[in-house]
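J.: Quick one, fold the following:
(2 chains)
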Amino acid sequence: MKEQIENLIKDVLKNIGIIEDISFNVEHPDDFKNGDYSTNIAMVCAKKISKNPRELAEKIVEELNKNLPKEIGKVEVAGAGFINFYLSREFFTDSVNKILEEKENWGKSNLLKSKKIMVEYTDPNPFKPFHIGHLMTNAIGESISRIVEFSGAETIRANYQGDVGPHVAKAVYGLMKFGMPDKNKTVSEQAQYIGKCYSDGSNLYDTDENAKKEIEVINKKIYERSNEEINTIYDYGRKITLDAFEEIYKLLGTKFKDGCSFFESVIAPIGEKIVRENIGKVFDESDGAIVFHGENYDKKLHTRVFINSQGLPTYETKEIGLTVTKFEKENPDISIVVTATEQAEYMKVVQKAISLIHPDLESRMKHITHGMMKFASGKMSSRKGNIVTGESLLHDSMNIVFEKVKDRELTEIEKKEISEIVGVSALKYSILKSSLGSDIVYDFEKSISFDGDSGPYLQYTAVRANSIIKKAEEFNTEDKNEIPNQISDLEKLIYQFPEVIKNSYIHLEPHHVATYLTHLASSFNSFYGNTKILVEDNKYAIYHLKLIESFYQTMKNGLWLLGIETPEKM
RNA sequence: GCGCCCGUAGCUCAACGGAUAGAGUACUUGUCUUCGGAACAAGUGAUGUGGGUUCGAUUCCUGCCGGGCGCACCA
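T.: Residues are numbered from 1 along each chain as shown, chains lettered A, B, ... in the order given. All right, here's what the predicted structure looks like:
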């Protein structure tokens, strides 16, 4: 529709003798009383041809009115020279029908057709807890994956996990000292125990000289796989913690592509080889280490160490190995990496180094970053008094939802499913509702309050819509097939869904979808609160039901883009 | 010190350079013998600060103030 209006305007400009190539906007005004679309063309042109913008606007409208397509009801001049387009009843009725036809495909586009996009996100480390940062990165990465997928791209979900290095040695040391986890306990409990061994081992490393020495020996043996006992402990701990991550991914709705869970143990030697091959070309020796002088290429970059003076590869080198491996394995058109902002500057340097070795990759690497999660209440401990991890936050959220639905008329299985779906939604929405730039403040109480600006509110609104659709099956709609002349705000919002997704993709910002859905839900609730549908004297019942159904479909598809499921009831 | 990001109602967040800066929450008031009240309707309340560019600036440039992150052998 937007393109159609743009073309109409271009034709008119030609007709009235303005052939200049001028860039102008066609957008949705904030207020529906200013039309469904609006353009600033007259104001942009007026100056160039030194004319009064309002007069020019009048003239353009006069031309437009000569040949108005059926989708446009009327065109008006307003304000300083805006031209406002009001869409017709026919347009809205058609778009409702279109949504009902397209169903789960409603909102999909071909914007990224035949493009392959890899998204790497989450990146937790085996032997360590799944913390809140991982939860954030996962929510954002999953949503971005779904947005590009909906835009027609072949999407590859990838994950990168540090399964070797000092943190692993500390955990293995802890396991040797305090004993292996109880195999009768759940995977999650065993993983928590291993996480505790890591943190205890880490403390000893800092405070106890002997422990430090032992851990360094263990670290070396893990790399070499030279000690039977250590290998057994390592293999078991790695498996348990990875299995625990899988359980979390399942709850969060993430499935990484087979073969695209990359591990540091495999990646590190690949990176090291590349760096060593490029010493003297890209990398230099300095104080016994191999470094990259970023500032030689761009004043805003800095120097980073790629191989330390003991000859060991650093994270920078591994990143090179990872990037090259990704492109060799899947050859994506674009490779997106999602991490916290603290890695922003580091990544710029690494990507510069990579693009010197592989110039063709420069424009295909994208890094998007997000802030940290802070807590409104200041309480950093979970309900059980432990440090809040991503996993504990998730379970606390689900438990609170469970308490809320405890007394409802639902089966135990339904209650459990609902707590999972709604608990995840509360967290994800809190993360995804803001733009990615700065830190977010997480208010635990607010996110599960179910009011207004929350994931559960959106789900609740969808459930209400679904409920009335179900109820309508037993309602006699005969002779209730008139179409109202008046166009509701709900209709004016609903057809914009594909444009919102496009906008979200262009900026790689999921919050546009979240903001839109909240606006949409409030518009639905307003419609619902003011319109009696299943009553005998509603001659518009059939159309109203269609409208509600198209709302439900839009909300469901929109929530999916945020990685949130829509429950049947709650 | 240098670089990157950010300062919007009491609080948490929106606003492709456009119209009267929108929501939620909190507070005040009203609606309803509910097609799921976890609702609807109304009111109060904001662009850190000084310049500049523009027909038009929360948005772009710049000075200052205030926060976050990063700046060589951690990941």
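
J.: Near the nearest residue in space to A:Lys103 that is not next to it in sequence, how many other residues are there?
T.: Of all residues not flanking A:Lys103 in the chain, A:Gln553 sits nearest, at 6.1 Å (C-beta to C-beta, 6 or more residues apart in numbering). Just so you know, the C-beta spots here come from the backbone N, C-alpha and C atoms, and that holds for glycine as well. Burial measure for A:Gln553: 22 neighbouring residues, criterion other C-beta atoms under 10 Å.

J.: so where do the helices sit in the stretch 201-350 of chain A?
T.: With helices called from DSSP state H, counting those that start in this stretch, the stretch 201-350 of chain A shows them at A:209-224, A:228-252, A:264-277, A:315-330, A:344-357.

J.: what residues does the stretch 1-150 of chain A put near RNA strand B?
T.: Counting by C-beta under 7 Å from any atom of the strand, the positions of the stretch 1-150 of chain A adjacent to RNA strand B are A:25, A:27, A:29-31, A:33-35, A:38, A:40, A:43-44, A:47, A:53, A:78-80, A:82, A:84, A:125.

J.: Minimum distance to RNA strand B, which residue of the stretch 301-450 of chain A gives it?
T.: Residue nearest to RNA strand B within the stretch 301-450 of chain A: A:Asn308 (2.3 Å; C-beta to the nearest atom of the strand).

J.: ok, now which ones touch that residue?
T.: Residues in contact with A:Asn308 (C-beta atoms under 8 Å, 6 or more residues apart in numbering) are A:289, A:314.

J.: ok, 10 Å please
T.: Applying C-beta atoms under 10 Å, 6 or more residues apart in numbering, one finds that A:Asn308 lies in contact with A:287-291, A:314, A:317.

J.: Then A:Asp439?
T.: Neighbouring residues of A:Asp439 by C-beta under 10 Å, 6+ apart: A:340-341, A:370-374.

J.: Reformat those residues as JSON lines; add distance to A:Leu8, pLDDT and neighbour count.
T.: Below are the contacts of A:Asp439 laid out as JSON lines (distance: C-beta to C-beta, whole Å; pLDDT from 0 to 100; neighbours: other C-beta atoms under 10 Å):
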{"residue": "A:Ala340", "distance to A:Leu8": "46", "pLDDT": "92", "neighbour count": "17"}
{"residue": "A:Thr341", "distance to A:Leu8": "43", "pLDDT": "91", "neighbour count": "15"}
{"residue": "A:His370", "distance to A:Leu8": "40", "pLDDT": "93", "neighbour count": "24"}
{"residue": "A:Gly371", "distance to A:Leu8": "42", "pLDDT": "90", "neighbour count": "17"}
{"residue": "A:Met372", "distance to A:Leu8": "47", "pLDDT": "87", "neighbour count": "14"}
{"residue": "A:Met373", "distance to A:Leu8": "47", "pLDDT": "86", "neighbour count": "21"}
{"residue": "A:Lys374", "distance to A:Leu8": "49", "pLDDT": "82", "neighbour count": "13"}
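
J.: Need those residues in TSV (columns: secondary structure and distance to RNA strand B).
T.: Formatted as TSV, those follow (DSSP: H, G, I helix; E, B strand; the rest coil; distance: C-beta to the nearest atom of the strand, whole Å):
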residue	secondary structure	distance to RNA strand B
A:Ala340	strand	8
A:Thr341	helix	5
A:His370	strand	10
A:Gly371	coil	7
A:Met372	coil	7
A:Met373	strand	9
A:Lys374	strand	8
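
J.: ok, back up a step: buried among the residues of the stretch 1-150 of chain A next to RNA strand B? Make that a PyMOL selection.
T.: A single PyMOL command suffices to select whichever of these are buried according to 16 or more other C-beta atoms under 10 Å:
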select buried, chain A and resi 29+34+35+38+40+43+44+53+82+84+125
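
J.: Give me the subset of the residues of the stretch 1-150 of chain A next to RNA strand B lying in helices.
T.: Here DSSP state H is the test, and these give A:43-44, A:47, A:53 as lying in helices.

J.: Contacts only, for A:Glu142.
T.: A:Glu142 makes contacts with A:119, A:121-122, A:157, A:249, A:252-255, A:338, A:428, A:432, A:510, A:561-564, as judged by C-beta under 10 Å, 6+ apart.

J.: could you flag which of these are buried?
T.: Burial by neighbour count, 16+ other C-beta under 10 Å: within the contacts of A:Glu142 this picks out A:119, A:121-122, A:157, A:249, A:252-254, A:338, A:428, A:432, A:510, A:561-564.

J.: in chain A, what secondary structure element scores lowest on mean pLDDT?
T.: helix A:444-447 (a mean of 72; mean pLDDT, DSSP states H and E).

J.: Out of the ones in helices among the residues of the stretch 1-150 of chain A next to RNA strand B, which comes closest to A:Lys183?
T.: In terms of C-beta to C-beta, no member of these lies closer to A:Lys183 than A:Val44, at 71.0 Å.

J.: ok, now which ones touch that closest one?
T.: Counting by C-beta under 10 Å, 6+ apart, A:Val44 makes contact with A:22-25, A:53, A:56, A:81.

J.: Give me the pLDDT for it.
T.: In this model, A:Val44 is scored at 85, pLDDT.

J.: ditto for A:Lys384
T.: Taken from the predicted model, the pLDDT recorded for A:Lys384 is 46.

J.: Please name the nearest non-neighbouring residue to A:Phe524.
T.: A:Phe551 (5.2 Å).

J.: ditto for A:Lys300
T.: Leaving out its chain neighbours, the residue that sits closest to A:Lys300 by C-beta to C-beta, 6+ apart is A:Lys348, at 7.6 Å.

J.: Assess the claim that the one you found and A:His302 are in contact.
T.: Yes: taking contact to mean C-beta atoms under 10 Å, the distance of 9.1 Å between A:Lys348 and A:His302 places them in contact.

J.: For these two, list the residues in contact with both.
T.: Both A:Lys348 and A:His302 are contacted by A:Gly294, under the criterion C-beta under 10 Å, 6+ apart.

J.: thinking again about what came up before, among the contacts of A:Glu142, which lie within strands?
T.: Here DSSP state E is the test, and the contacts of A:Glu142 give A:119, A:157, A:338 as lying in strands.

J.: What residues does the stretch 451-570 of chain A have near RNA strand B?
T.: A:451-454, A:456-457, A:460, A:463-464, A:466-468, A:471, A:511-512, A:515, A:518-519, A:522, A:525-526, A:528-535, A:569-570.

J.: Write the PyMOL selection for whichever of those are buried.
T.: Here is the PyMOL command that selects the buried residues among those (16+ other C-beta under 10 Å):
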select buried, chain A and resi 453+454+456+457+460+463+464+466+468+511+512+515+518+522+525+528+531+533+534+570
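
J.: what's the spacing between A:Gln459 and A:Val401?
T.: Using C-beta to C-beta, to the nearest Å, we find A:Gln459 at a distance of 10 Å from A:Val401.

J.: Please state the offset of stretch A:527-545 from the chain centre?
T.: 36 Å (C-alpha atoms, centre = their mean, to the nearest Å).
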